[in-house]
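here is the input, now give the coordinates:
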Amino acid sequence: MTAYGGSRPSVRNLVKMLRAELAWYPGRPALVGRMVLACMSVMLAAVIFKIPGAVLGAGFPILISRENLKATRKTAFDIGVACSIGTAEIIVGGMLTAGSPFLHVLWVMVSLFAVFYAISSLNFTSASLTVSAVLAIGIEIWDYPVPAEARVERTLYTWLAIVIACIVSVFIETVFAKKNSPDAVLNGISRRLNLIETLLSQTSAAEFPSSTMTIQLARSAAKGVDDLCELLATSSYDAGFHDLLATVIALTRQLVELGSNLVESAPVLSVEDQERCRAIARNLGLVRSSLARMECPDWIDLPFVSQASNPILIEIERTTDLIAQSFCSESFRIHWLLPAAVPTVSISEFVVGALRNPEHTKFAVRGTLSALLCYLFYMSTGWMGLAASSILTCTLTARRLTGAGRQRQSLRFAGFIVGAGVIGLGTEVFILPQLNTIAEYALLFASVLWIGSWIATSGPRIAFSGFQIVLAYSLVNLNRFTINTSLVPARDAVLGVVLGVVAMWLVFDHLWAQTSSASVRSLLLGTLRSVANFKVASAGSSQEANQWLTAESSKINRDIDKLRDLADMYAFEAFPKKPQESLVNRSIQTLLPELRAFLLVKTGLLQHRSMVIEVEEVLVQEVEERASSVLQGLANAIEAASSEQLSSWDVRAEELRAKVSIEETKSRDVKNLSRHTEMRLCASLLDVASDLERRARLNFVLETGVAKVMDNWSVGTITET
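Numbers count the residues shown, from 1 in each chain. Next up is the predicted model:
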């Protein structure tokens, strides 16, 4: 859907989304190359030394490899520990229940319950995914009528393949890891500033924003500056320069978020704004140069005559000024922008909280019954080829919200259709019969790995399908130590996924099911009210107040990101939608960019007020109260599903806007930069609030029109009947 009412073809939206997700970004080819190299190493080791269980091992480096060595080692350690725990549980449980069908089925039920409980409590981390994969393979192994020694041996080989994948991935990442240069912090800041500089330089381009720039900014905003903070903490800079960099890092994070919001809202900038963007870009270039030289930049003062009209652009200009000011003003080199450290939760507290939460138990029961339905089907029919893929489908796609689960089911099914159906069957029919050496097979396998790894390094919308492509292809072509030309594995892999999806639809989506509509509605209302009540804490020192301000702003930004994710899941849930659900979804689609802009501008105003030692002014307070009342009214209107709760943009609001405009002109005439910046931020806040109110009112008008059309259609249908 477009912003208001008109619909764009779904195919065009899909193509646009895929183009953005699959676009190149810095570091992506290198990461994909390391993934392919690690997967190839595991595959060759399994084939040469004939290690069973290579199906999982050959694909796990995609889950392990990360952009930095520390994260890779942590993921590998978590996966290795989880794999060891799962393997021990399978061997002990399988041996204790061997010979008794009743005890064996009971063990399967208890194991599935434990896995789904872990998935719910751990929120689907790599550890829970590993346990679920090992369990699915283990149940299949221990259901075959073979001696116990062969079952234990095959289970241990599966464990060995995954451990080899962990070791190889860490080794390759260590070999290719770049040692942190003495200027690693400066280089990280410079890369982010260069990203914003490039964005502002392209505002007059025919395609603005470009898909490549969109995804780069989104990834940079999501990544944040945690890596730079870690590097700064271990650096050897002197105290003064350390504090300067701490301030610049925090401002850089804010600047990237502003750039991401400017791209997200896709504004049509005026000619004056485009010219000002280029001027700000030139100043950012000077900041990057001065950062390398560690000296005050030669600043280009932007003229008072031409001013930016876009609220986000105004805040970008202010943040750029603050970065330059931090270089030149010793008094500004303080830690005032960085949020306080978040207290860590101990393992005992986490375990107690997980055990006391009844939602985890309900989730585990739903998942266990779904997987058990698959188990009973393939065991009763003797169709063992469905075993691993069907149970694994249940564990991998089980999510708390129905929309999230169906999204994963769609991605898994699409990945298996591509990996097993298209590529797997295609290579078996046309390519594999022509291959004679392992080198030729390795080249073919590497090309499939490249496709899957490239997709796996995309955003959360499609990344899950990348691992599924590699896993499906491995299930088809790595199930024996020879070139496989049988079509049965590909058929069983795809049908196993279908069986798992059907079981999830029949059981998981109907027993204690939760839709995203209820969660997204409460989160939207909470976010609107949080932004409305957002202000500097009065208690504590100035530094503590500003740390709280930054931490709270980051928390609200994360809630806005969650709203966008929930809106994506909403499309996978049942139809037709209820009128109130449609209103909430339309509000998210049309209001999120403006809501984030409101938060960023308000944060900028509060930060500016905290830096300027002046008496609290009544005019600024009135602006904040008036702008916040719009969000409060919007939250009340959505909660009551009535436009009467919306705050009207009346004459009093226009008078307040006129007062701000007068003060802005006065401060510009006397060249009072601080006062002028404050009034521009106040004007921007009022403009964004006015636009939010207008958009919200139009949403209610459109929703009323849709409801009338549906009512007329229903009456006409009944009459014809």
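
what is the least confident helix or strand in the chain?
helix 347-356 (a mean of 60; mean pLDDT, DSSP states H and E).

could you look up the next helix or strand downstream of that one?
As assigned by DSSP states H and E, the chain's next helix or strand after helix 347-356 is helix 358-381.

show residues contacting that next one.
108-109, 112-117, 119-121, 139, 143, 354, 383-387, 390-391, 393-395, 398, 400, 499-500, 503-504, 506-508, 511-513 (CB atoms under 8 Å, 6 or more residues apart in numbering). Yep, even glycine has a C-beta here, placed from its N, CA and C like the rest.

please apply the same query to stretch 211-223.
16, 19-21, 23-26, 192, 195, 198-199, 202, 209, 256-257, 259-260, 263-264, 459, 561.

how about it: buried residues?
S211, M213, T214, I215, Q216, L217, A218, R219, S220, A221 (16 or more other CB atoms under 10 Å).

export these to a markdown table and tack on distance to Q407?
Output for the buried residues of stretch 211-223, formatted as a markdown table (distance: CB to CB, whole Å):
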| residue | distance to Q407 |
| --- | --- |
| S211 | 22 |
| M213 | 26 |
| T214 | 21 |
| I215 | 19 |
| Q216 | 24 |
| L217 | 24 |
| A218 | 18 |
| R219 | 20 |
| S220 | 24 |
| A221 | 22 |
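
out of the residues you listed, give me the two with the largest separation.
S211 and A221 (15.9 Å; CB to CB).

all helices of the stretch 601-721 of the chain, in order?
618-640, 651-669, 673-720 (DSSP state H, counting those that start in this stretch).

and those as a markdown table, adding mean pLDDT, mean neighbour count and distance to A518?
Below are those laid out as a markdown table (pLDDT from 0 to 100; neighbours: other CB atoms under 10 Å; distance: least, CB to CB, whole Å):
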| stretch | mean pLDDT | mean neighbour count | distance to A518 |
| --- | --- | --- | --- |
| helix 618-640 | 87 | 19 | 13 |
| helix 651-669 | 81 | 15 | 34 |
| helix 673-720 | 68 | 17 | 18 |
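
contacts for the helix or strand harbouring A518?
In the assignment (DSSP H and E), A518 maps to helix 516-532. With CB under 8 Å, 6+ apart as the contact definition, helix 516-532 has outside contacts at 401-404, 552, 556, 559-560, 562-563, 566-567, 569-570, 573, 577-578, 580-581, 584-585, 587-588, 595, 598-599, 602, 628-629, 631-632, 634-635, 638-639.

7 Å - rerun?
Here helix 516-532 makes contact (CB atoms under 7 Å, 6 or more residues apart in numbering) with 401, 403, 556, 559-560, 562-563, 566-567, 569-570, 573, 581, 584, 587-588, 595, 598-599, 628, 631-632, 634-635, 638-639.

can you turn the buried part of these into a PyMOL selection?
The buried residues among those can be selected in PyMOL (16+ other CB under 10 Å) with this line:
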select buried, resi 401+403+556+559+560+563+566+567+569+570+573+581+584+587+588+595+598+599+628+631+632+634+635+638+639
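
among the contacts of helix 516-532, which ones are in helices?
403, 556, 559-560, 562-563, 566-567, 569-570, 581, 584, 587-588, 595, 598-599, 628, 631-632, 634-635, 638-639 (DSSP state H).
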